[in-house]
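> sequence first, then the predicted structure:
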Amino acid sequence: MKIKAVFTSSLIAIGILSGCSGVTGVSTDEIITKVLAADQDEKAYYAKGELKIYEDDKLEESFTMEEYHSEDGKAKITMKDTKTGEEGVTVNDGKSIISFDKKQNKAMVMDDVSSLDLPNKSQKEQVISFLETLKDSHKYKLIGKEKVNGFETHHIKLEPKEKDSIFGEIEIWIDQKTWFPVKSINIVGSSRTEFAYTEVDTSTKISDDTFTLSLPDNVEIVHLKDEMNQSNGTIEEAVEKLSKPFLVLNEENLTMDNVTIDELKGEINRTEITITYKNGDGIPLIYLSIFPTPEEKELAISDTGLKIRGQNAEFMKEINSYTWDENGLRYTLIVEGPDSLSQEDIMKMTERMVSSSN
């Protein structure tokens, strides 16, 4: 069952397509400004929606979704496969997150989420963050005012400035009164994801009992902390975990702040090292991730024309990341503050990298 994957895709896939139209009244900048300010007054809400996933215009998956969100961040999302009837529910009660797959009778549990810096956002907040993230990589167009499922909306289109964007083309319809995103279409390559709310109620009162999930006595419970063994360590310990030395940055103006060792289990079964580098002001500037090069052909680095240390490399503008393979290891370098370092700066940094054994 793909409900766990769909939970993720439904929360990040927010639209698509392209087009152009002139309208009077509210400008695109004004729309974006109001949407970005909307998260300052988050309210509890109940909503129903539909999610459809197409491949080459053929409907591959279809789900109905029901949501409850409280003002203090609690959430409950139930998704049902319209083809198979399979159902999954995820609840965040503020203390733990439980995702229950009814067919498999299996529950994934993340404990003590209150102590973690986890993004706990409603659909509206996620769209707000999404729009903020894409301000530099996409062009915004205000298509016009349209009525969608009974909602009077502003229709906004986001077109990538460069081809092969990981987020593709996006369309989003935002309710004029509540600034709630009520519909989205997202096209990436041959895949199209459509999501639409059929009902949104921001006046309903939601009790705390809503966020209590009763599991069957014979349910299989998997605690995510058992699937993810994470610890802080040293470069020497990281080399031992990877069973080989790896490349590290060698910059006088950067300080290695932290080495995190993730020993992942389950579907992603690998050891991953993440090194944080801070600038002279003590602010994290670069994150360097290293793990064994994936064997799957579909995960191979594409020949985009970009080279790092003589190897094919990929650049994702949306997250300002550079990825390449070298000597059996995959390196991903993520740069914070896109205005602080140019691509030329990054290329020079990678050429100055040295072996961890040094």
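Yes, it's here.

> show the residue spans covered by the strands in the stretch 51-200 of the chain.
Under the criterion DSSP state E, counting those that start in this stretch, the stretch 51-200 of the chain contains strands at 58-69, 75-81, 87-92, 97-101, 106-110, 138-148, 151-160, 169-175, 181-188, 191-201.

> go through those strands and find the least confident stretch.
Mean pLDDT is lowest for strand 106-110 out of the strands of the stretch 51-200 of the chain, coming in at a mean of 86.

> quick one: that one to strand 97-101, angle?
170 degrees (axes from the mean of the first three to the mean of the last three CA atoms, to 10 degrees).

> now do strand 106-110: distance to the chain's middle.
20 Å (CA atoms, centre = their mean, to the nearest Å).

> repeat that for stretch 264-279.
Distance, centroid of stretch 264-279 to centroid of chain: 17 Å (CA atoms, centre = their mean).

> now do the buried residues in it.
Within stretch 264-279, the residues scored as buried using 16 or more other CB atoms under 10 Å are Thr271, Glu272, Ile273, Thr274, Ile275, Thr276, Tyr277, Lys278, Asn279. Glycine gets a C-beta too; all of them are placed from N, C-alpha and C.

> just these: which are in helices?
In helices, judged by DSSP state H, none of the buried residues of stretch 264-279 are found.

> and the strands of the stretch 51-200 of the chain as TSV, adding distance to Ser207 and mean neighbour count?
As requested, those are exported to TSV (distance: least, CB to CB, whole Å; neighbours: other CB atoms under 10 Å):
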stretch	distance to Ser207	mean neighbour count
strand 58-69	10	17
strand 75-81	11	20
strand 87-92	14	20
strand 97-101	18	20
strand 106-110	22	18
strand 138-148	30	16
strand 151-160	26	21
strand 169-175	25	24
strand 181-188	25	23
strand 191-201	14	19
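
> kindly reformat the ones you listed as TSV containing distance to Leu254.
Below are the strands of the stretch 51-200 of the chain laid out as TSV (distance: least, CB to CB, whole Å):
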stretch	distance to Leu254
strand 58-69	40
strand 75-81	38
strand 87-92	36
strand 97-101	35
strand 106-110	33
strand 138-148	30
strand 151-160	31
strand 169-175	35
strand 181-188	34
strand 191-201	38
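
> right, and these - which one's nearest Glu336?
Proximity to Glu336 (CB to CB) singles out strand 138-148 among the strands of the stretch 51-200 of the chain, at 20.0 Å.

> ok, so of the buried residues of stretch 264-279, who is nearest Arg330?
Of those, the one sitting nearest to Arg330 (CB to CB) turns out to be Glu272, at 9.3 Å.

> tell me which of the strands of the stretch 51-200 of the chain lies nearest to Asn258.
Nearest of those (CB to CB): strand 106-110, 22.0 Å.

> now that closest one and strand 87-92, what's the angle there?
Between the axes of strand 106-110 and strand 87-92, defined by the same axes, to 10 degrees, the angle is 20 degrees.

> which elements pack onto strand 106-110?
strand 97-101, strand 220-223, helix 224-227 (3 or more CB pairs under 8 Å, 6 or more residues apart in numbering; DSSP states H and E).

> parallel or antiparallel, list what pairs with the longest one.
Which is strand 97-101. Strand 97-101 sits in its sheet next to strand 87-92 (antiparallel), strand 106-110 (antiparallel), going by DSSP bridges.

> show me where the stretch 201-350 of the chain has strands.
220-223, 228-232, 247-248, 255-264, 270-278, 284-292, 306-308, 311-316, 321-326, 329-335.
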